[in-house]
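Asks: Curious how this folds, go ahead:
(chains A, B, C and D)
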Protein chains: 2
Amino acid sequence: MDGTAERTVGRGIIERQSLHQEIVSRLRDMIIEGELQPGERLYEIQLGESLGVSRTPLREALKSLASEGLVELIPGRGAVVRQFTRKDVHDMLVLIRAMEELAARLACEVASDDEIRRVRELHDRMRAHYEAGERMEYYRLNQQIHTSLVALADNPHLSAFHATLQARLKRIRFIGHEGPERWAAAMAEHEDIVAALEKRDVETLVAIIGKHLHNAWLRVRDAV
Amino acid sequence: MDGTAERTVGRGIIERQSLHQEIVSRLRDMIIEGELQPGERLYEIQLGESLGVSRTPLREALKSLASEGLVELIPGRGAVVRQFTRKDVHDMLVLIRAMEELAARLACEVASDDEIRRVRELHDRMRAHYEAGERMEYYRLNQQIHTSLVALADNPHLSAFHATLQARLKRIRFIGHEGPERWAAAMAEHEDIVAALEKRDVETLVAIIGKHLHNAWLRVRDAV
DNA sequence: ATTCTGTATTCTGTATACAGGATTATGCGT
DNA sequence: ACGCATAATCCTGTATACAGAATACAGAAT
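Replies: Next up, the predicted model:
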């Protein structure tokens, strides 16, 4: 395949982002969506050809993904899709909980009414998808709400760490939302979160977020 | 220079770690120690020659450092040592505070007496350096104590995030410890931290750590 | 039949080559 | 002397080539 042509088409006239970021994003998605499964070894030539890219930029992307924790680099033996143990997942949820609790505290202080209103809008759209039983769309908005909530804290470093953790957990969390009653519970918790945020009721908000992420563990722990 | 010979000497008979990690570590140190200054552009050929490495592995190392947040990658224009604004430093300290508070809570639950004893030993050694006025050694142990404290929580993901944040802040924090009265205050806070940890007095420990990192901000904010 | 060893193959790790874009220097016109 | 256009240089981004390590395989010895 002629990689150059493919790339030109893919990026259009204006270069939207560097090829490096494009490869990283693509691989990240492939890992999150399970196209590349945990424990799977990533052969550079083969993978590069499937993306229409040579080994050099691919290897660079793999180094980035390793730093993000999605890929494990074994010296002399290449890259492997990282797999997480039960404890890993628990540890990550504990951590993401602390991050969102921090974000909640900061958000109640610094977020503008307008920003909060936008989260409410996302939430309402999510509820619509919930009521329509559209799991995929629900899930996507769910993630986006958590991201937006953290963004309200106006702390880019926090947002970045949260995003990488969320990426690691994405696959696992998706599995966890099985079952209508658990789904309903998660939805109710979100309802409370947005309500507390609108009232800027810090302690309630922190408490619910804590509960929400504790429950998230209960929801996923059997899946790992 | 003949890079191969240099490398063989540097790594010895048994390969201790991959060259990639070696370059990353080396560059990280160079950035932290100010050999490469914030905002400085990193020319690949030049930098590679100074490390005895060609562009390919160097570029891979730069991608890793970019993911760690020590280097900024500008598409089409290469790598620059990242510089942090006042707000960046504040945001990072807020974040590291939340992480250490979380670590404190977990540590009080899960750490063994033996592990806590080892932190006490580090602390005593640090105090010796403090009393001897050995700033560099004091500083080194200071960092190590914070790292160990987080390690007590037995959450590798937390430890990893904490470590990258600490790396970003290392240079700035070192500057901040100027002045004997501020140094004394920091030392006293550490004293209290270890004491609370030994008693497994969670709330006191969290409070002191919070205070310690709030003060850390006061100590460094004029330096940035 | 099994294990060990030597060989062949495959893959990683590093260096180099080449193309395109960015930056700097130069020269011309005003 | 200053600004702009053009050319030269440098640097990045990507592909490819080569060396060495890891793995797989086959045959021999026990």
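
Asks: List the contacts of the host helix or strand of residue A:20.
Replies: Mapping residue A:20 onto the secondary structure by DSSP states H and E places it in helix A:19-32. By C-beta atoms under 8 Å, 6 or more residues apart in numbering or on different chains, the list of residues contacting helix A:19-32 from outside reads A:7, A:10-11, A:35-36, A:51, A:53, A:57-58, A:60-62, A:64-65, A:68, A:70-71, A:81, A:167, A:170-171, B:63, B:73, B:75. C-betas here are computed from N, CA, C, even on glycine.

Asks: Quickly find the element holding the residue of chain A found nearest chain B.
Replies: The shortest separation between chain A and chain B is 3.3 Å, found at residue A:67 (distances taken as C-beta to the nearest C-beta). With secondary structure defined by DSSP H and E, residue A:67 is part of helix A:55-68.

Asks: What residues of that helix count as buried?
Replies: Within helix A:55-68, the residues that qualify as buried by neighbour count (16 or more other C-beta atoms under 10 Å in any protein chain shown) are A:57-68.

Asks: just stretch A:40-48 next, same as before
Replies: Taking 16+ other C-beta under 10 Å as the neighbour-count basis, stretch A:40-48 is seen to contain the buried residues A:42, A:47-48.

Asks: Can you confirm whether it lies near DNA strand C?
Replies: Yes: counting by C-beta under 7 Å from any atom of the strand, contacts between stretch A:40-48 and DNA strand C involve A:41-46.

Asks: How far does stretch A:68-88 stretch from one end to the other?
Replies: Its start and end residues considered, stretch A:68-88 measures 15 Å (C-alpha to C-alpha, to the nearest Å).

Asks: tell me what whichever strand or helix holds residue A:116 is packed against?
Replies: When elements are defined using DSSP H and E, residue A:116 is found to belong to helix A:113-131. Counting by 3 or more C-beta pairs under 8 Å, 6 or more residues apart in numbering or on different chains; DSSP states H and E, the packing neighbours recorded for helix A:113-131 are helix A:135-151, helix A:180-199.

Asks: Helix or strand next in line after the longest one, which one?
Replies: Just to be clear, that refers to helix A:180-199. helix A:202-220.

Asks: For the closest residue to the residue of chain A closest to chain B other than its chain neighbours, report the pLDDT, please.
Replies: Nearest residue to residue A:67 in three dimensions, chain neighbours excluded: residue B:67, at 3.3 Å (C-beta to C-beta, 6 or more residues apart in numbering or on different chains). Per-residue confidence (pLDDT) for residue B:67: 97.

Asks: So residue B:67 sits against residue A:61, correct?
Replies: No: applying C-beta atoms under 8 Å as the test, residue B:67 and residue A:61 come out as separate, 10.5 Å apart.

Asks: Tell me who's in contact with the residue in chain A positioned nearest to DNA strand C.
Replies: Using C-beta to the nearest atom of the strand, the point where chain A gets nearest to DNA strand C is residue A:78, with a distance of 3.1 Å. Residues in contact with residue A:78 (C-beta under 8 Å, 6+ apart) are A:41-44.

Asks: which two in the residues you listed are spaced the farthest apart?
Replies: Within these, two members stand farthest from each other by C-beta to C-beta: A:41 and A:44, at 10.2 Å.

Asks: Now the common contact residues for those two.
Replies: The contact lists of residue A:41 and residue A:44 share A:78-79, where a contact means C-beta under 8 Å, 6+ apart.

Asks: Check which helices and strands the longest helix along chain A sits against.
Replies: Among all segments of chain A classified by DSSP state H, the helix with the greatest residue count is helix A:86-110. Using 3+ C-beta pairs under 8 Å, 6+ apart as the contact criterion, the elements in contact with helix A:86-110 are helix A:135-151, helix A:156-176, helix A:180-199, helix A:202-220, helix B:86-110, helix B:156-176.

Asks: Just send those back as JSON lines, with mean pLDDT too.
Replies: Converted to JSON lines, the helices and strands packed on helix A:86-110 look like this (pLDDT from 0 to 100):
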{"stretch": "helix A:135-151", "mean pLDDT": "95"}
{"stretch": "helix A:156-176", "mean pLDDT": "92"}
{"stretch": "helix A:180-199", "mean pLDDT": "94"}
{"stretch": "helix A:202-220", "mean pLDDT": "95"}
{"stretch": "helix B:86-110", "mean pLDDT": "98"}
{"stretch": "helix B:156-176", "mean pLDDT": "92"}
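
Asks: tell me the contacts of residue A:91?
Replies: Contact analysis of residue A:91 by C-beta under 8 Å, 6+ apart lists B:155-158.

Asks: Spell out which residues of chain A are next to DNA strand C.
Replies: Chain A comes close to DNA strand C at residues A:41-46, A:55-56, A:59, A:73, A:75-79, as judged by C-beta under 7 Å from any atom of the strand.

Asks: still on that earlier bit, with chain B in mind, check whether the following helix or strand past the helix holding residue A:20 reaches it.
Replies: Of the helices and strands lying after helix A:19-32 in sequence (DSSP H and E), the nearest is strand A:41-42. No: using C-beta under 8 Å from any C-beta of the partner chain, strand A:41-42 stays clear of chain B, with a minimum separation of 14.9 Å.

Asks: how far out from the middle of the chain is strand A:41-42?
Replies: The chain centroid and the centroid of strand A:41-42 are separated by 22 Å under C-alpha atoms, centre = their mean, to the nearest Å.

Asks: Can you name the residues in contact with the helix or strand following it?
Replies: Following strand A:41-42 in sequence order, the next helix or strand is helix A:44-51 (DSSP H and E). Under the criterion C-beta under 8 Å, 6+ apart, residues A:1, A:23, A:26-27, A:54-55, A:58-59, A:62, A:78-79 lie in contact with helix A:44-51.
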